[in-house]
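Undergrad: Build me a model:
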Amino acid sequence: MITAPIPTLTLPGGEIPMVGLGTWQSEGGEAERAVSAALQLGYRHIDTATGYGNEDEVGRALATVGIDRDDVFVTTKLPPDHAGRARRTLTESLAALGTDHLDLWLIHWPPNRQASPETWQVFREVRDEGLVRSIGVSNYSIAQLDELIAATGEAPAVNQIPYSPRDHDPDLLAAHRERGIVVEGYSPLKRTSLEAPALVAAAQAHDVSPAQVVLRWHVQHDVVVIPKSTRQERIAANLDILGFELTADEMSAIDALR
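TA: Here you go, the predicted structure:
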């Protein structure tokens, strides 16, 4: 079990742990076992989506591990083609997950590639009703975020986007922060060459793996990161990134990877 405290960032509805378990492409018993292992190892942030088809399995793991529901940050997402039935989809997600609320609900992709302020308004309503603690989006551009803000006066709490050293864009991070939006990065390892010299050098310097360096790099950039794995040893290693700190030179070298 990981004992170092997991850093958090503040959302309108509570604290989001900066390292979580992603569950994309985790199905059936494999998903349930992965979430159970993660919770027992010390994870307190689980990310799923209606489109992943595994909310039931995530819910079973949450129910059986024996950790207080309020101690686990649970995210799921509305498929873009469900935009016209968002409330019904939320009800189905809550039932599958076995909970009376979500910590974070995201619009998974812009519906019809549009910002969809009307869907965002439904999200605001269910948040105000207490069914969701924080609301956000995924895969939105800055222009689409601004459209939601202009229409409703409220920015999403989170924008979940692909993020890795290859995707690093200081201006994009700054644009989100100017709007008070937390960046959450998915596919952090899938989009990275773990053989890059800057990662290998930092890994050797800190006696960790290049993958752990990548995840630590996210945390030091204040980007929430949700690596996916179904292997217990990898799940453990992905959380075991809190006992070292990358130097400014190491961060700069990783920032420059393309």
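Undergrad: Quick check, pLDDT for the residue nearest to residue 243 when sequence neighbours are not counted.
TA: Excluding its sequence neighbours, the residue lying closest to residue 243 (C-beta to C-beta, 6 or more residues apart in numbering) is residue 4, at 5.9 Å. The way it works is simple: take the backbone N, C-alpha and C, and place the C-beta from them, glycine included. Here, the pLDDT recorded for residue 4 equals 74.
Undergrad: where along the stretch 151-258 of the chain do the strands fall?
TA: For the stretch 151-258 of the chain, the strands defined by DSSP state E, counting those that start in this stretch occupy 158-162, 182-186, 224-225.
Undergrad: Give me the residues contacting the shortest one.
TA: Judged by C-beta atoms under 8 Å, 6 or more residues apart in numbering, the contacts made with strand 224-225 from elsewhere in the structure are 9, 16-20, 158, 163, 182-185, 188, 215, 218-219.
Undergrad: what about it, distance to the chain center?
TA: Offset of strand 224-225 from its chain centre (C-alpha atoms, centre = their mean, to the nearest Å): 6 Å.
Undergrad: repeat for the first one
TA: Averaged C-alpha coordinates place strand 158-162 at 7 Å from its chain's average position (C-alpha atoms, centre = their mean).
Undergrad: re earlier: what's the local residue count around the residue nearest to residue 243?
TA: 11 (other C-beta atoms under 10 Å).
Undergrad: repeat for residue 205
TA: Residue 205 has 13 neighbours, counted by other C-beta under 10 Å.
Undergrad: For the residue lying closest to it once chain neighbours are set aside, which residues are in contact?
TA: Take residue 205 and drop its neighbours on the chain: the residue closest to it by C-beta to C-beta, 6+ apart is residue 250, 7.3 Å away. Contact analysis of residue 250 by C-beta under 8 Å, 6+ apart lists 198, 201, 202, 205, 213.
Undergrad: check contacts around the last one.
TA: With C-beta under 8 Å, 6+ apart as the criterion, the residues that contact residue 213 are 199, 202, 203, 206, 246, 250, 254.
Undergrad: from memory the residue nearest to residue 243 sits against residue 242, does it?
TA: Yes: with contact defined as C-beta atoms under 8 Å, residue 4 counts as touching residue 242 (3.9 Å).
Undergrad: quick one: residue 144 and residue 110 touch, right?
TA: Yes: the criterion here is C-beta under 8 Å, and residue 144 meets it with residue 110 at 5.7 Å.
Undergrad: Quickly note the distance from the residue nearest to residue 205 to residue 215.
TA: Using C-beta to C-beta, to the nearest Å, residue 250 is found at 14 Å from residue 215.
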